[in-house]
Structures are given as C-alpha cells and as structure tokens.
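J.: My questions concern the predicted model and sequence given below.
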Amino acid sequence: MLRAIRVVSALMGVTLAYMVLTGGMSIRVFIAPDLILSLGLIVAALMPAGIAPRALLAANGFAAGVFTVATSRYVIEDGRINPPLIVYLVLAWLFTLLLVGRRGSSN
C-alpha cells in the first residue's frame, strides 16, 4: 500500500506543478501554496522507507487542506465543480486516513 501511495502522491505533485507552471491555474492566490504542495508531495514520495510514511502523512494532510479550500472556493464563488480537483481531494484525504491508520496500528 505504501508504494502505491508514494507513486500516486508523486504523480499528484508532478501534475499539480505542471498545471501551475504552464498557466493552468485560474486562481492566482493558490499558485504559491500549490507549488509548495507539489514539492512536498514529490519530496515525501522520494523519502527513505523509514520516514516516508510520516512525510507522506504530512504532505497528504497538507494536500487535503489545500484541495478542500480550493474546492470550496470553486463551488462557493463560481458555482461549479472541478472534477480533477475533486479526485485529488478524495485521494489526499484517503491517503491521510490510511497513513494515520497505519501509524496507529504500528504503535
């Protein structure tokens, strides 16, 4: 399971960075947090096995917050839903919960 979370987290980070750097972001205020998040997801996915679960937990927890705020902004201000953002939101929350459960079972 950890390997899958690593791969998907890295892909989320790379695709998010690509969207930001190629001008695919329509909300300018989210550019800095999204670039920081992208870097965090990529770095966490590349961490050694001993600290990867904690790093991925922190990165995906941050991602869950960022994606929740962005989704809320789209729905409240624009009255629309961004399907790729919803997928990232669900994955970030799922990975956060899975990693918290994993950490809780290893203590």
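T.: It's in.

J.: Residue 33: which element?
T.: helix 31-46 (DSSP states H and E).

J.: packing partners for that helix?
T.: Helix 31-46 sits against helix 2-21, helix 52-73, with contacts defined as 3 or more C-beta pairs under 8 Å, 6 or more residues apart in numbering; DSSP states H and E. Backbone N, C-alpha and C define where each C-beta goes, glycine included.

J.: Run through the neighbouring helices and strands of the helix or strand of the chain with the lowest mean pLDDT.
T.: Across the helices and strands of the chain, mean pLDDT, DSSP states H and E gives its lowest value to helix 83-106, namely a mean of 84. Applying 3+ C-beta pairs under 8 Å, 6+ apart, we find helix 83-106 packed against helix 2-21, helix 52-73.

J.: among the ones you listed, which is nearest residue 45?
T.: With C-beta to C-beta as the measure, helix 2-21 is the member of the helices and strands packed on helix 83-106 nearest residue 45 (3.7 Å).

J.: Just want the angle from that closest one to helix 83-106.
T.: 150 degrees (axes from the mean of the first three to the mean of the last three C-alpha atoms, to 10 degrees).

J.: How about residues contacting helix 2-21?
T.: 24-25, 31, 34-35, 37-42, 44-46, 49, 52-53, 56, 59-60, 63, 88, 91-92, 95, 98-99, 102 (C-beta atoms under 8 Å, 6 or more residues apart in numbering).
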